[in-house]
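In: return atomic coordinates for the entry below.
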Amino acid sequence: MVINGKLEKVGDWKVDLSSYAKTTEVTAAIANALKTYAKTADVTKAINEAVAGLIQLDDLSVTVTGAGNVITGLAYDNKTGKFTATKGITALTAADLTEITQQEIKALFA
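Out: Next up, the predicted model:
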């Protein structure tokens, strides 16, 4: 400071940072705090191990056997994910039916 036209030293410009954490200490504290959490690679490995051998969506399929147009049986193999549908009979369809006239009905009962 300038006092009575003369430069006088008042205090100093030192800053005490001793109570603040250093970068290395903060980095170490973060790393230590994260030790209890699983890493992405560990989680991925655990998931892959858990689903190993399980049926995946891509494994699912349907096979149809037998003759006819009516499914009479359905089986599922839980080891392979394969469905098997069995057709056993043929049902009538609209195309199989013909309209009967009143005259034809009366002729049946005459």
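In: hey, let's count contacts and neighbours off CA atoms from now on
Out: OK.
In: identify the residues contacting stretch 85-92?
Out: Outside stretch 85-92, the residues within contact range by C-alpha atoms under 8 Å, 6 or more residues apart in numbering are 62-75.
In: got the CA positions of that stretch in CSV?
Out: The C-alpha coordinates for stretch 85-92 follow below in CSV (Å, rounded to 0.1, in the frame of the first residue of the first chain):
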residue,chain,number,x,y,z
ALA,A,85,-48.1,-78.7,-34.7
THR,A,86,-49.9,-81.8,-35.9
LYS,A,87,-52.7,-81.7,-38.4
GLY,A,88,-55.1,-84.7,-38.1
ILE,A,89,-58.4,-84.0,-39.8
THR,A,90,-59.9,-82.0,-42.6
ALA,A,91,-62.8,-79.7,-41.7
LEU,A,92,-65.4,-78.4,-44.1
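In: run the chain-centre distance for that stretch.
Out: Averaging C-alpha positions (C-alpha atoms, centre = their mean, to the nearest Å) puts stretch 85-92 37 Å from its chain's average.
In: got the buried residues for it?
Out: For stretch 85-92, burial by neighbour count (16 or more other C-alpha atoms under 10 Å) applies to 85, 86, 87.
In: let's have the contacts of stretch 85-92 in JSON lines, adding neighbour count.
Out: Listed next are these as JSON lines, based on neighbours: other C-alpha atoms under 10 Å:
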{"residue": "62", "neighbour count": "12"}
{"residue": "63", "neighbour count": "11"}
{"residue": "64", "neighbour count": "13"}
{"residue": "65", "neighbour count": "12"}
{"residue": "66", "neighbour count": "14"}
{"residue": "67", "neighbour count": "12"}
{"residue": "68", "neighbour count": "13"}
{"residue": "69", "neighbour count": "14"}
{"residue": "70", "neighbour count": "15"}
{"residue": "71", "neighbour count": "16"}
{"residue": "72", "neighbour count": "12"}
{"residue": "73", "neighbour count": "13"}
{"residue": "74", "neighbour count": "13"}
{"residue": "75", "neighbour count": "12"}
